[in-house]
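In: Below are the sequence and a predicted model; questions follow.
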Amino acid sequence: MALKVFNDLAELSIPEVESLLKLARRLQTKPEPQALAGKVLALLFLSPSLRTLSSFQAAMIRLGGGSFVISPDMSIHGLETRSGIVMDGVAAEHLREAIPVISSYGDALGIRAFANRVSLADDLADKEFMAMRELASVPLINMESAIQHPCQSLADWKTMDELGIPKQGGKFVLSWSWHPKALPLAVPSATLHMAAMRGMDVTVVRPDGFALPPSIMAKAEQAAKLSGGSVRETDERAEAYEGAHVIYAKEWASTRHYGDRVGDQKLREQLQDWIVDEPCFARAQPDARFMHCLPVRRGVAVTDRILDGPRSVVIHEAQNRMWGQMAVVYQMMGPGA
Amino acid sequence: MALKVFNDLAELSIPEVESLLKLARRLQTKPEPQALAGKVLALLFLSPSLRTLSSFQAAMIRLGGGSFVISPDMSIHGLETRSGIVMDGVAAEHLREAIPVISSYGDALGIRAFANRVSLADDLADKEFMAMRELASVPLINMESAIQHPCQSLADWKTMDELGIPKQGGKFVLSWSWHPKALPLAVPSATLHMAAMRGMDVTVVRPDGFALPPSIMAKAEQAAKLSGGSVRETDERAEAYEGAHVIYAKEWASTRHYGDRVGDQKLREQLQDWIVDEPCFARAQPDARFMHCLPVRRGVAVTDRILDGPRSVVIHEAQNRMWGQMAVVYQMMGPGA
Amino acid sequence: MALKVFNDLAELSIPEVESLLKLARRLQTKPEPQALAGKVLALLFLSPSLRTLSSFQAAMIRLGGGSFVISPDMSIHGLETRSGIVMDGVAAEHLREAIPVISSYGDALGIRAFANRVSLADDLADKEFMAMRELASVPLINMESAIQHPCQSLADWKTMDELGIPKQGGKFVLSWSWHPKALPLAVPSATLHMAAMRGMDVTVVRPDGFALPPSIMAKAEQAAKLSGGSVRETDERAEAYEGAHVIYAKEWASTRHYGDRVGDQKLREQLQDWIVDEPCFARAQPDARFMHCLPVRRGVAVTDRILDGPRSVVIHEAQNRMWGQMAVVYQMMGPGA
C-alpha cells in the first residue's frame, strides 16, 4: 500500500489499519535505520505541539531520513490564510505560496492546524485543512486538524492491542472532562471513530449541551456496523462506566454553544465535577485502563492518583505516536512507496 | 572546484556557475543520500526566513548530513553586534564569540542578515556581513545580506534554463513593485547581476526615486559586456515590457530617500499602481513568465490571477532554491572539497 | 563503559573521565558517521542556550543520528513544574507527562534547567533537576542545572590537555568576575571540581560575600586529595594569580545574599573592577591562558584585548563541547552501550 494521504482512519479499510500497525510493530522491534535515507518530511505547525513535533522528528531520524519544521513566526510577520485579499497588512506571505513551497522541499508533508471554533459547520467540513490539502504536492499527513487526529487514533489502537484490550466485546468509554477552555472536537471525533472501527462497544458520556455532532455519531455508527461494534451517547456517568475496559477522558467544546464563548463558559463552569477519579472505575473491569491523548491538566480532567497509578497508559499511548507515525512515513516514502 | 565562499555570483566565472547548475541537476535526478554523511551545516539567522530555513535543512538531509539553526532569541537576551562596547546592557553574548563558536561546530556556515537600511553606503559595502565573514572559520554561504542573495540568483538562473528562456537575446525585465514598506536592495541587485551575467538584455523599470545605485548598475554592465548581454534602466512601464521573456517583480526601498522612512513613504504611497497584472504582458512574448523571489504580497506586488495563472513560475523558483543549494553545500563539504 | 547518567564528573572515576576524553579525541580524528545511525537524542531546554543547543545537534549529526529540541514555548502555554497542583491556570501540560513522553522518543535525553536562585539549599541539592531525573526513562545528560555543568567541565579538561597545561603542579585560578546580574553557581562549582579532579592546584579568588558554599569546597578538596591537587579560596587578587597557568573567569551570585536580589546588587555594584585584563597576568606564567565558558560580556567580565589576544582559548573550549559530548552520546547509545 503506497499511502498518499493520512487524514482519517475512516478513509482506510480495517485491513489497511491492521497492516499499518503490523508495520509499526516491525519497525519497533527490527530497526531500519537506512529505510528513508535522503528522504525529507516537511512539517508545518500552524498550532503549538509537543508530542507531534517530537515524535515525527524522532520517527524520521530512526528511519535514516530527516525533517524540518516551519511555524508562522518563522516567516516575516506571519502567514495570511484568507483568499482574495489585498495583503497590505501585517502578513507578508500567503499560505497559497507557503504550502506549495514547503511541500516542494519534502517527500511528504505534515500539517497541524487547529479548529477555528467559530462555525461548527466549517470545522466539521475541516474547511481550512481541506483548502491546504489542495495545495500540497506530496503525500500529506494530518497532524491534527479541526476534526481529525488520525495519528493519535493509530497510536491508541496500537496501545489497546498491546494491552490485550478486546476488540469485539471490549467496552470503550469516551468520557467528557472539564477544562477551563472550549477545546476542539478533533480528538473526541477521531477517538470515537477509532474505537467503533476497532469493533468495540463505545459509550460517549458527556453533559447535556456537549453531545457530539450527529454527523460524527452517524459516521461512527456505520463503522461499528461493519466491525461488529456499537456506539451510543449518554449523560449518565455511573451507568456509562459499567464494565468498561477503557475510560478515555477528553475535554471538548459545547456543541450547543459552538463558537459562543460566553454560552460555553456558562455551561461548563458548573461541570467541574466531570473529572476522572478512582470512583469512576468502581463498576468498570477490575483492570480497566485510563487513556488520554495529552496534554492533560492534572486535577482538572483527571486526578493525580489516576495519572500516577497503574491504570494510566498515557505515556504508552504517547510513545506509540512515534511507532505508528514511523509506519505512516514508511508507507509514504519508503521502499515500494 | 572546492568552494570556500558563496557570497555573490560575481565572484564566480560563468563556467563556475554553469558547473554548479550542472551539479544541481545531477543531484536532483540521481540522489546521493550518503554524500555528506556526518557533515554539519551551521545556520545562523539574524533575520526571519521560510524558504531559506527549510531548503537548506532539506538540502542537507537529502545528502545524508544535517544542520542546526541558531537565531538571536535562542541566546540569552540576544546577540550584541557593536564592537568595542561595554556589554552591561541586555545582550549577554557578542557576535565575535557567537560566530566562531557556531562555525566551529559546522563544516560550513550559512548566515542571513538583512540590510540595516540606515546608510546606503554601508549596505552597499555589505558592512555587517563582511564583518561576520571575517569571523567564520569554515566555508561561508551568504543566505541573504544587505546587498547579496546568491542562492536566489542561482535558483532563478536554473529555473530559466529549465523553462528554455534564452540567454543571448532573452529579455529580462526587473519590475519595481509597490509594497507598504521599504524593502532591501539585496534581491534586485543580485537579480540584475544574475540576468546580466546570464547574457540577457535586462531592463530595470522603476519609478523616479527608485533607481538602483550606480555602483550596482555599473557592476552589472560589466557582467553584461562579458556575457554578451545588456543593462538599462527606465521609468516607462509599457515600453519596458515590450518583448519580455520574463517579468521579474521586486519591491525595494527608494534609493533617493534611503534610510529616510518618511521621505520613502511619501514617495511610495502614490505608487500603488506599480503592480504586475495581465496588461503588463500585452506586448511581452506570448509565453512570457512571471518571476518573484517570494514572499510576495498578493494584490499588492502582483495580482492573484497572475500568481495563480500559467505565467507564474514562483514555486518552481522556490523549489530550485533547494537543488541549487545542494550543489553549493556539496562543493563545500562533499567528496573532493 | 555503558554510560547511564552524565550529571557530574564527581560521579565518574579519573580513568572514566580519561576514557571519555580518549574517545572524544578518537571521534575527532577518525569520524564515525554511522555509529549512531537511527539513534535519537531528545533535548529539553527549560533555559536558553546557544553552545549546548548547537553542539549537541552537531554531535549527533556527526555520528549519523539526530536530535529534536523541545522548549516550553513549543507546548500549549508552557509547562507546569509544581507538583500536586490543580492545573486550572495557564499551563496545559505538566513536566510529569512531558519528560516521560519526550524521553520515550529518544535513546537518550538531555535536560537544561537553570537554578531558581531563591533557596541556596534547594539549588545545591539540585532539587528541580533531581525531580526530573526520576522521570527520565533513558540515559540522561545534564546540560546545565542549578549546580552542575559536566559538559563544560569535560570540554575544559580536554582543552587544557591539548594546550599542555600540567595536571600535577598546574596552577588553576577560578576568578570571580563582575556581571550586572546574579548568575548561577553551576559553572564555578563544576569548574572547581574539574580542576581539582585533574590534579591541579586550584585557587578560587572572589570578593568577600561570594565564597563558594562549604559543601562545594569540601567536595572539591576530597577530589584534590585523590588526584594530588589542592584547593583554596582567597580574596587577594594579585597574590592569587601568581604563577597561574590558567585564569578562568566566571561571574556568580553572592552566596551571602543568595536569593536576595537587593542585597546581591548592593554588594556587586562596588565590584566592577573585578574584570580580567592584562595586568592580572603580570605574575602568572608567561604563556598563561584565559578561559571562560561563554557567553561572556565584553568589557564587563574581561577586556576585549584579552578575548581577542593570544591568551584566550574560549573558542577552543567551546569547540571541545562538541567533541566531548560526542564521546558522551557515543557511550550512551553507540556500539556496546
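Out: Structure received. Numbers count the residues shown, from 1 in each chain, chains lettered A, B, ... in the order given.
In: OK, contacts around the residue nearest to the spatial centre of chain A?
Out: Residue closest to the mean C-alpha point of chain A, counted by Cα atoms, centre = their mean, is residue A:149 at 2.6 Å. Taking Cβ atoms under 8 Å, 6 or more residues apart in numbering or on different chains, we find residue A:149 in contact with A:142, A:186, A:187, A:190, A:191, A:293. Glycine gets a C-beta too; all of them are placed from N, C-alpha and C.
In: The same query, at a cut-off of 6 Å, please.
Out: Residues in contact with residue A:149 (Cβ atoms under 6 Å, 6 or more residues apart in numbering or on different chains) are A:186, A:187, A:190.
In: Just the buried residues from those, in ChimeraX please.
Out: To isolate the buried ones among the contacts of residue A:149 in ChimeraX, judged by 16 or more other Cβ atoms under 10 Å in any protein chain shown, type:
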select /A:186,187,190
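In: quick check, nearest of the contacts of residue A:149 to residue A:205?
Out: Closest approach between these and residue A:205, by Cβ to Cβ: residue A:187, at 15.4 Å.
In: Could you tell me how many residues sit around residue A:85?
Out: 16 (other Cβ atoms under 10 Å in any protein chain shown).
In: Next: the one 4 residues further on.
Out: The burial count assigned to residue A:89 is 13, neighbours taken as other Cβ under 10 Å.
In: Check what pLDDT it gets.
Out: Listed pLDDT for residue A:89 reads 87.
In: What of the one 10 residues further on?
Out: What the model reports for residue A:99 is a pLDDT of 95.
In: Same question for residue A:289.
Out: Residue A:289 is given a pLDDT of 98.
In: what does the one 4 residues further on give?
Out: The predicted local confidence for residue A:293 comes out at a pLDDT of 98.
In: Residue A:47 now?
Out: Residue A:47 is given a pLDDT of 87.
In: Check the secondary structure at the closest residue to it other than its chain neighbours for me.
Out: Nearest residue to residue A:47 in three dimensions, chain neighbours excluded: residue A:114, at 4.1 Å (Cβ to Cβ, 6 or more residues apart in numbering or on different chains). Taking DSSP: H, G, I helix; E, B strand; the rest coil as the rule, one finds residue A:114 in the coil state.
In: since we're on residue A:114, how many residues are nearby?
Out: Residue A:114: 19 neighbours (other Cβ under 10 Å).
In: Nearest to chain C: which residue in chain A?
Out: residue A:33 (2.8 Å; Cβ to the nearest Cβ).
In: Give me the neighbour count for that residue.
Out: Counted with other Cβ under 10 Å, the neighbours of residue A:33 add up to 18.
In: Just confirm it contacts residue A:60, I think it does.
Out: No. In this structure residue A:33 lies outside contact range of residue A:60 using Cβ atoms under 6 Å: 11.2 Å.
In: From residue A:167, how far out is the residue of chain A at minimum distance from chain B?
Out: Ranked by Cβ to the nearest Cβ, the top residue of chain A for proximity to chain B is residue A:38, at 2.8 Å. Distance, residue A:38 to residue A:167, by Cβ to Cβ, to the nearest Å: 39 Å.
In: Also residue A:292?
Out: Residue A:292 is 21 Å from residue A:167, by Cβ to Cβ.
In: With neighbour numbers in mind, choose between the two.
Out: Set residue A:292 next to residue A:167 and count neighbours by other Cβ under 10 Å: residue A:292 wins out with 26 against 17.
In: picking up where we left off before, among the contacts of residue A:149, which are in strands?
Out: Applying DSSP state E to the contacts of residue A:149, no entry is found in strands.
In: Same list (the contacts of residue A:149) but as TSV, adding distance to chain C and pLDDT.
Out: Formatted as TSV, the contacts of residue A:149 follow (distance: Cβ to the nearest Cβ, whole Å; pLDDT from 0 to 100):
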residue	distance to chain C	pLDDT
A:186	14	98
A:187	13	98
A:190	18	98
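In: Of the contacts of residue A:149, which is the nearest to residue C:26?
Out: Closest approach to residue C:26 among these (Cβ to Cβ): residue A:187, at 48.4 Å.
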